[in-house]
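> this is the structure alone, sequence omitted:
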């Protein structure tokens, strides 16, 4: 069963985007991914967490789900200009990532996965 994975700057570089080697966006991952920028004190983030757990199981092998703690990983949060949390980054295999802000309901995630990733 796929689990939500917590990323640090190091794992982010190998799994998502190596910003030290590339100026322009270049996705390093095998599967499209959702990245949840969150903090432990954030209530809406706590509402999104179980939804992301479910999605990570339902789309196992099709979509990876990552979390980035904006308190611990200030550089990564800064790189994406995170102003409010939760902020969710949808990263397709090809093309530019798209950001959504706020605690989204599960069906919105599923729609985005279909629209942005072409994954059912």
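Cool, got the structure. Source: prediction; values computed, not measured.
> tell me the gap between stretch 16-29 and the middle of its chain.
Between the centre of stretch 16-29 and the centre of its chain there are 15 Å (Cα atoms, centre = their mean, to the nearest Å).
> one more: stretch 33-50?
10 Å.
> this protein: strands as residue ranges?
Taking DSSP state E as the criterion, the chain carries its strands at 5-6, 33-38, 64-69, 87-91, 98-101.
> residue 100 against residue 84, yeah?
No. Residue 100 sits out of contact with residue 84 when judged by Cβ atoms under 8 Å, with a separation of 11.4 Å. Yep, even glycine has a C-beta here, placed from its N, CA and C like the rest.
> point to the residue nearest the middle of the chain.
Centroid-nearest residue in the chain: residue 35, 0.8 Å away (criterion: Cα atoms, centre = their mean).
> beta-bridge partners for that residue, please?
Beta-bridge pairing for residue 35 (DSSP bridges): residue 66, residue 89.
> returning to what we had before: which one of the strands of the chain lies nearest to residue 57?
Of all the strands of the chain, strand 64-69 sits nearest to residue 57, with 9.4 Å by Cβ to Cβ.
> and residue 36, how far is that from residue 100?
From residue 36 over to residue 100 the distance is 10 Å, taken as Cβ to Cβ, to the nearest Å.
> next one: residue 34
Applying Cβ to Cβ to residue 34 and residue 100 gives a distance of 9 Å.
> which helices and strands does the longest helix anywhere in the chain pack with?
Looking across the chain with DSSP state H, the single longest helix is helix 43-58. Using 3 or more Cβ pairs under 8 Å, 6 or more residues apart in numbering; DSSP states H and E, the elements in contact with helix 43-58 are strand 33-38, strand 64-69, helix 106-117.
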